[in-house]
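> what shape does this take:
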Amino acid sequence: MKILVVDDEKDMQMLFEQRFRKEMRNGELEFVFATSGEEAISYLTRHVHEAVLILSDINMPGMSGLELLRLIKQKFAEPPPVVMMITAYGDPENFKQAMELGADDFLTKPVDFTLLKEKYFHYYLSSFLIPQDLFLDSLLWLCYTYFTIYN
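Residues are numbered from 1 along each chain as shown. This is a model prediction of the structure:
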């Protein structure tokens, strides 16, 4: 799974590489880092559908994380990447605005990497779940087949 981390603080790259070194070494995760919203959009445009999880800081110079979120949801909607917003401030207004713009989740700095790993695995595993309508159709087909054969 490829994860795009967008943060103007360059030390975030080192933190992520330290905290996820096992997953990176095993090939479970691959990280790409952008230091601005503009750089992130450029990457996403060149590598369509590669990043399935995007972690973005909200407060950055130039394009804010909220503006980046809005553009991601507009331009890269199919299939939609999971976007988690990260901020140093537990500001309820930022949280509200991020959720209205379509953020999938919200984290505060300093990042709790244990919580982030839990959230990552939740989104990763849920991507493999069978949609409910497909499950029900399959179940009906199995019941029909069973009763046709054994009755």
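> got the contact list for Gln13?
Contacts for Gln13 (C-beta atoms under 8 Å, 6 or more residues apart in numbering) come out as 5, 31, 33. (C-beta placed from N, C-alpha, C; glycine too.)
> the residue nearest to Asp105 when sequence neighbours are not counted: what secondary structure?
Counting by C-beta to C-beta, 6 or more residues apart in numbering, Asp105 lies nearest to Met84, which is 4.3 Å off, once chain neighbours are set aside. When the structure is split into helix, strand and coil by DSSP: H, G, I helix; E, B strand; the rest coil, Met84 lands in strand.
> surely Met84 is in contact with Ile54?
Yes: with contact defined as C-beta atoms under 8 Å, Met84 and Ile54 form a contacting pair (7.2 Å).
> and those two? Which one has more around it.
Just comparing Met84 and Ile54: by other C-beta atoms under 10 Å the higher neighbour count belongs to Ile54, 27 against 22.
> part of a strand, is Tyr89?
No: secondary structure assignment places Tyr89 outside any strand; it is coil (three-state DSSP).
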